[in-house]
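Undergrad: got a sequence here, can you build the structure:
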Amino acid sequence: MKEVQTVQLIAMIGWLILVGSALASYRFSWGKGLTMALAWSAIFGGVFVLFNLIGGQ
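TA: Predicted structure coming up:
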C-alpha cells in the first residue's frame, strides 16, 4: 500500500468515527437509524446511477 493510500485510509477511519459519534449522540433507536441509513443509501445510489447514465452517453 502506498503512503498516500495509508493516509487516506486513516483519514477515512477518522471521519467514520466522527460521524458515528455524532449519530450516537442523537440516541436513535436501531429501527430509525437503519431506516435513515437505507434512505441515504438509496439517495446516493440514485445519484450515482443518474451520473453514470448521463456520463455514459
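Undergrad: Phe51 and Ala39, how far apart?
TA: Between Phe51 and Ala39 the distance is 19 Å, computed by Cβ to Cβ, to the nearest Å. C-beta coordinates here come from the backbone N, C-alpha and C atoms, glycine included.
Undergrad: next: Tyr26.
TA: Applying Cβ to Cβ, the value for Tyr26 to Ala39 is 15 Å.
Undergrad: work out the gap between the helix or strand containing Val47 and the centre of the chain.
TA: In this assignment (DSSP states H and E), Val47 forms part of helix 30-55. Offset of helix 30-55 from its chain centre (Cα atoms, centre = their mean, to the nearest Å): 9 Å.
Undergrad: what angle separates the helix or strand harbouring Leu18 from helix 30-55?
TA: Leu18 belongs to helix 3-25 when assigned by DSSP H and E. Relative orientation of helix 3-25 and helix 30-55, computed by axes from the mean of the first three to the mean of the last three Cα atoms, to 10 degrees: 140 degrees.
Undergrad: which elements pack onto helix 3-25?
TA: Using 3 or more Cβ pairs under 8 Å, 6 or more residues apart in numbering; DSSP states H and E, no helix or strand is in contact with helix 3-25.
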